[in-house]
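> Quick one, what's the 3D model for this:
(one chain, ligands or ions: 1)
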Amino acid sequence: MNKKSLTAVGLISGGLDSILAAKILKDLNVNIVGIHFHIPWGCASKNKAIELAQTIEIPLKIFELNESFIEIIKNPKYGIGSGMNPCVDCKIYFLTEAAKYMKEINADFIFTGEVLGQRPMSQLKNSLRQIEKASGLKGYLLRPLCAQLLEPTFPEQQGLINRTQLLAINGRGRKQQIALAKKYHILNYPQPAGGCLLTDKNFSRRLKDAFHHKEDNFSTIKFLPIGRYFRINKNFKAILGRNQNENIALIKNACDEDIIMELPDKLGPTLILKGADPSQDVLSLCAGLIQKFSKHKNSLTPQKMIYWKAQTPEHKKNIHAIILSNEAIKKIQL
Ligand code: SF4
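Numbers count the residues shown, from 1 in each chain. Next up, the predicted model:
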């Protein structure tokens, strides 16, 4: 690394810290290339990342995650947080991918907006070191917001980045970051995100169920946040929309073999049934779920539903609901 003009690849999450890190380096005449990893349930926001990158005028490349990320969640090496969030493994994964991109575009180093001590699992000194080493970036991972509290990286050691221009922010407080945002006129940043659904107990339960039943492809997992989930038995799972938007999203993302079921007047939740060749009992139970979450919830008259296979919407059939108790529903809800 012996250049006049440096290029750095930065992880841009859509939060304030990473965009501040980018701005600090940009002001030190580093060419910035932002990258954003889009996880449908993650702690980052794609739209905000795009907006903030535009605010400070840096290019941003979006990486869509795929099956390989599911393996990280299933088999984390460095443990999980309060739910199924493997934050250390997740960061290592992002940085390993970023390192590949750095080589591809012949950039000089990677940066992130991490702050020492800000998050219990992945931002303690040991974790920061561990993440840097495991992603093969020892000496090439600069964290401008807390760099003065960490070992100097190669660009600092070689005098290509002036370490005194970097910061020493530590802990969970946000005062210094907010003051910097004001100084740089970055006013459209979001509040710190509560974040990642992997930390959520309910979402984690759905995910565990999906893994247990080998429904672990990325396209299935990415829709787990949508709807109410019911595990009917080992072969069947039903998903019920909670509002019109979810009903539309469920139909749009149904696989060819899925059964779609609704009230004939469509005034209620749409249900998607996953699993091959359901019996009449399974279909009646699904109809009962729709009834229980519709305007007919207190009626003791079993309602008639229509259903069809997603790939053959012209072949509609009818089925009557069975009346389900609240306890019966609780037993199967995920
Ligand atoms: S909270 Fe942790 S597991 Fe979730 S996306 Fe962020 S780093 Fe990954």
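> OK, contacts around residue 241?
By CB atoms under 8 Å, 6 or more residues apart in numbering, residue 241 lies in contact with 226-227, 247-250, 269-271. To be clear about C-beta, it is placed using only N, CA and C from the backbone, and glycine gets the same treatment.
> Would you map out the domains in this protein?
Domain ranges of the chain: 7-183, 226-332, per automatic domain parsing.
> Could you pull up the mean pLDDT of the last one?
Mean per-residue pLDDT for domain 226-332: 96.
> Over to the first one?
When the per-residue pLDDT values of domain 7-183 are averaged, the result is 93.
> Just the buried residues of the contacts of residue 241.
226-227, 247, 249-250, 269-271 (16 or more other CB atoms under 10 Å).
> Spatially nearest residue to the one residue sitting closest to the centre of the chain, not counting backbone neighbours?
Closest residue to the average C-alpha location of the chain: residue 42 at 2.2 Å, with CA atoms, centre = their mean. Distance criterion CB to CB, 6 or more residues apart in numbering; nearest residue to residue 42, sequence neighbours excluded, is residue 196 at 5.2 Å.
> Count the neighbours of the one you found for me.
19 (other CB atoms under 10 Å).
> heads up, I number from 51, so please use that
From this message on, residue numbering opens at 51, which makes the last subject residue 246.
> any idea how far residue 124 is from it?
Distance of residue 246 to residue 124, given as CB to CB, to the nearest Å: 16 Å.
> swap in residue 318?
Relative to residue 124, residue 318 is positioned 35 Å away (CB to CB).
> So for those two, which sits in the more crowded spot?
Ranked by neighbour count (other CB under 10 Å), residue 318 and residue 124 place residue 318 first, with 22 against 12.
> which residues does that one contact?
Taking CB under 8 Å, 6+ apart, we find residue 318 in contact with 312, 340-341, 343-346.
> quick one: stretch 248-264 near the ligand?
Yes - Stretch 248-264 is in contact with the ligand by CB under 6 Å from any ligand atom, via residue 248.
> Would you mind listing what in the stretch 51-200 of the chain touches the ligand?
With CB under 6 Å from any ligand atom as the criterion, the stretch 51-200 of the chain meets the ligand at residues 89, 92-93, 135-137, 140-141.
> Can you name the next helix or strand after the longest helix seen in the chain?
What stands out as the longest helix in the chain, according to DSSP state H, is helix 137-154. Sequence order places strand 159-161 as the next helix or strand after helix 137-154, per DSSP states H and E.
> Which members of the contacts of residue 291 are positioned in helices?
297-300.
> is it possible to export the residues you listed to CSV including distance to residue 117?
Shown next, in CSV, are these (distance: CB to CB, whole Å):
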residue, distance to residue 117
297, 28
298, 26
299, 21
300, 22
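> Contacts only, for the residue nearest to residue 370 when sequence neighbours are not counted.
Nearest non-adjacent residue to residue 370, counting by CB to CB, 6+ apart: residue 352, 4.6 Å away. Going by CB under 8 Å, 6+ apart, residue 352 touches 337-338, 341, 370-373.
> Just the residues you listed: which are in strands?
Taking DSSP state E, the ones among the contacts of residue 352 that sit in strands are residue 370.
> Give me the buried entries from the contacts of residue 352.
337-338, 341, 371-372.
> Tell me the one among these nearest to the ligand.
residue 338 (35.6 Å; CB to the nearest ligand atom).
> so the closest one touches residue 371, yeah?
Yes - in this structure residue 338 lies within contact range of residue 371 using CB atoms under 8 Å: 4.4 Å.
> ok, now which ones touch the residue nearest to residue 92?
Applying CB under 8 Å, 6+ apart to residue 246 gives the contacts 89, 91-93, 135.
> now residue 330
Residues near residue 330 by CB under 8 Å, 6+ apart: residue 369.
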